[in-house]
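1. Give me a 3D structure for the following:
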Amino acid sequence: MSLILENISKTFDGKEIINNFSYRFSDKGIYAITGQSGIGKTTLLKIISGLDGDYTGMVCRDDMVISFCFQEYRLFPTLSVLDNCLLTSFRKYTSEDKEKTVSLLKKLKFSEEDMKLKPSQLSGGMKQRVSIARSILRKSDILILDELTKELDSELVGIVYDILIEESKNRLVIFVTHNLKDIENTGAIQIKL
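-> Down below sits the predicted model:
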């Protein structure tokens, strides 16, 4: 299984955003999509994931399952941090899934008390970490993250890099960034749009 993009073009309001873009990804590894604001990086992620079907060209992804971490946090307001991760990452979760979730949240610097908080009680950086955790926990072939470090301090960015590097050993990881340090620190293959 591999992800292949062939001659992808996208027009929005009469303006061409992506023009005849092709790329073949490895089954595993880490890739960073870069480019100027408004050039179509997020749009390309949505095309890859199947969230945007209004384009020309072809996306071949077989039956690959995709997990997406959006720029917006998209947390359920009535669920705690822990439940936001458990109830959206697993169809039916086991005690092992719960242990895995708690372990990841602790790596991302959440205390046991933090895990009980609702989204309205969280800072932007905490919401972003919950969103990242959810996408990592979902069993998928491809992990897609859009602007994953925008709200995080340098310590947390380093932790997220380490987790993504580990994840890229078992699945394809694709992220969008404006920060070239993200590429340098993850060893990501850069794709310029």
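2. Surely residue 9 touches residue 18?
-> Yes: Residue 9 is within contact range of residue 18, at 5.8 Å (criterion: CB atoms under 8 Å). Every C-beta, even on glycine, is put in place using the N, C-alpha and C of the backbone.
3. Show me whatever sits in contact with both of the two.
-> Common contact partners of residue 9 and residue 18 (CB atoms under 8 Å, 6 or more residues apart in numbering): residue 55.
4. Any buried residues in stretch 176-185, and which?
-> Neighbour counts over stretch 176-185 (16 or more other CB atoms under 10 Å) mark 176-177, 182-183, 185 as buried.
5. ditto for stretch 145-163
-> Within stretch 145-163, the residues scored as buried using 16+ other CB under 10 Å are 145-149, 151-152, 156-157, 159-161, 163.
6. Kindly check the end-to-end length of that stretch for me.
-> Stretch 145-163 has an end-to-end distance of 13 Å (criterion: CA to CA, to the nearest Å).
7. Touching it from outside, list them.
-> Outside of stretch 145-163, the residues within contact range by CB under 8 Å, 6+ apart are 41-42, 45, 68-71, 104, 107-109, 123-125, 127-129, 132, 135-136, 164, 173-179, 182, 185-186.
8. next one: phi and psi at the residue sitting nearest the centre point of the chain?
-> Centrality entry for the chain: nearest residue to the mean C-alpha point is residue 145, 2.0 Å, by CA atoms, centre = their mean. When read as degrees, to the nearest 10, the backbone of residue 145 gives phi -130, psi 130.
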